[in-house]
Each structure stands twice: as structure tokens, then as C-alpha cells.
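> What shape does this take:
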Amino acid sequence: MFRRRRSADAEPPEVDEYSDDESFGEEQEAPARPSGPLRAGGGPWDAEEAHPDLDRVDLGSLLVPRSEDYEIQLIMAEQQGAWVLIKDGENEMLVQAFAAARRGALWDDIRGEIAADVTGAGGQSEEVPGSFGAELIADVPTEPNRPELGLRRVRFVGIDGPRWFVRAMFQGPAAAGGGEAVLLEAVLRDMVVVRGEHPVPPRDILELRLPPEVRQALEAQMEQEGEANRFRTDLNPFDRGPEFTETR
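You can find the predicted model right below:
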């Protein structure tokens, strides 16, 4: 199942600009990558390396495996760009892919930045070992900057790949890990990151877009609605656009 929607709700902590990519400041020496495995247990996979042959939804920089066991949504955020939402009942996983330098890793720095953002918002966090290496478990305000109204648990995961970085945020029961997170973790491991060869500054979000078949259906519907509304004068340009669902 696939959906597209817009959201102005609370979003993952913002990632600041970073500039040590080989295409944006080659004169600066980037730190060496850690000697350990980049991706514990295999994926997410890079598009240029061998990976399991699965039926995946093409969302541009992320190829997401299809299944009737969960819902895939493309969230169009107002401030932080787009990200992919995988929804399994009460469990949710938000995923974004970013450009990274050819050498060096981002997750160690970003993990500390997220922890500082959580503390600044009135929450608390703890670094723990997890399925993808070092992870961050946080209790964040249900309402931004209003901890007195209650906290909710979220889990942040980061994976450094070849010239890209993937960040995932688990919500609902899956935020505690364990059995509730097994399906979402498997989806994350089976994703493929399409970095592309065009220069992108490190920490810039890699483009996400609607699947070709959904985009064509959206364009066709908008064209039909345009014909039907050609003589109307009361159209509101800020109305929420149509949503599309793909069920396989």
C-alpha cells in the first residue's frame, strides 16, 4: 500500500549543513571511516552493490520493498523536506537518506546533535547498543517544547553507507525495540539507497519522489479535475491535494 501526504506535524530533529564532501571542499582532509562494518547485518544496500532481488517501490533515492504487511507513505514536510513512513499497525518508522562524504562517517556526530536537541526541547535520551550499532532512545515531549504535557518514546537509528547516510526514527511500541520492531527493521535492511553521481553537499537530503506509476495517475487526475473546474472561481489553492493508495 502506498500513500502520499503532506504534514506540518512534529518532524525529526533538523540536520545542520556539513561540508567535507570531495565535491565541496576537496582541500579539507576528511576523517577516516571507522574500521568496523558500515551496516550491521547487511542492508540498507547501495544501488551499486549486490543486494537481494525484491519487488521495491521506486521513491527516488530510496527503493522500498513492497508488502501487504505494511503501508508505505511519502510524507511531504514543510520545513525538512520529504521522508518515507513505513506503518505497521501502531508501529511507525520514518526514514530519510542524506548525502555523505566519500570518507568519514556522520552518525557519531548526528547522534550527539539529536541528543542535544532532545534535551533542549525538555526531553531526555540515552545511547544504547542496538540492531544497527549505537542507537539513541529518547523520551520527547508529545507537544513540542511542552514536556509538562507528557513524553513519548522514540528510537533513532543511523547507518553510514558509501557516500550516503540513512536516518530512521521508530515510533510506537517499536521504539522499545524487540519483537515489535522486527518487521520494520527488516524493511530498513532491505531498502536500497540510490545516491547518484551528481555532486550533493554532505548532509543534504537526497531527493524523494512519487513512484512513476503514482505520479502518472496523479497527473491524470489533476488534468481531469482541471477540466472539471475550469470555469470555477472559488478554488482555494491551499486545499489539501489528493491522496493515492496503491494496494498489491
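
> Distance of Ala174 relative to Ala50?
29 Å (C-beta to C-beta, to the nearest Å). All C-beta spots, glycine's among them, are computed from the backbone N, C-alpha and C.

> Bridged to Ala77, which residues?
In this structure, Ala77 bridges to Ser7 when assessed by DSSP bridges.

> can you give me the strands in the chain?
In the chain, the segments counted as strands under DSSP state E are 2-7, 45-46, 56-58, 62-65, 71-77, 82-88, 91-99, 124-130, 133-141, 151-161, 164-171, 192-193.

> so what does the last one touch, helix or strand wise?
Using 3 or more C-beta pairs under 8 Å, 6 or more residues apart in numbering; DSSP states H and E as the contact definition, the elements that strand 192-193 packs against are strand 45-46, strand 62-65.

> neighbouring contacts of the first one?
The list of residues contacting strand 45-46 from outside it, by C-beta atoms under 8 Å, 6 or more residues apart in numbering, reads His51, Pro52, Gly161, Pro162, Trp164, Asp190, Met191, Val192, Val193, Arg195.

> could you redo the last one with a cut-off of 6 Å?
His51, Gly161, Pro162, Val192, Val193 (C-beta atoms under 6 Å, 6 or more residues apart in numbering).

> For Asp69, which non-adjacent residue is closest in space?
Using C-beta to C-beta, 6 or more residues apart in numbering and skipping the chain neighbours, the partner closest in space to Asp69 is Leu183 (6.5 Å).

> ok, now Val187?
Nearest one to Val187, counting by C-beta to C-beta, 6+ apart, is Ile86 at 5.4 Å.

> OK, contacts around that neighbour?
Ile86 neighbours (C-beta under 6 Å, 6+ apart): Tyr70, Met93, Leu184, Val187.

> Redo those residues as TSV? Include neighbour count.
TSV is the format used below for the contacts of Ile86 (neighbours: other C-beta atoms under 10 Å):
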residue	neighbour count
Tyr70	20
Met93	26
Leu184	23
Val187	23
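
> Relative to Phe170, which of those is nearest.
Nearest to Phe170 among the contacts of Ile86 is Met93, at 5.3 Å by C-beta to C-beta.

> Compute the distance between the closest one and Ala168, please.
6 Å.

> Phe156 too?
7 Å.

> Compare Ala174 and Ala50 (neighbour count), which wins?
Legend: neighbour count by other C-beta atoms under 10 Å for Ala174 and Ala50, higher for Ala174 (25 against 7).

> I appreciate the help and will end here.
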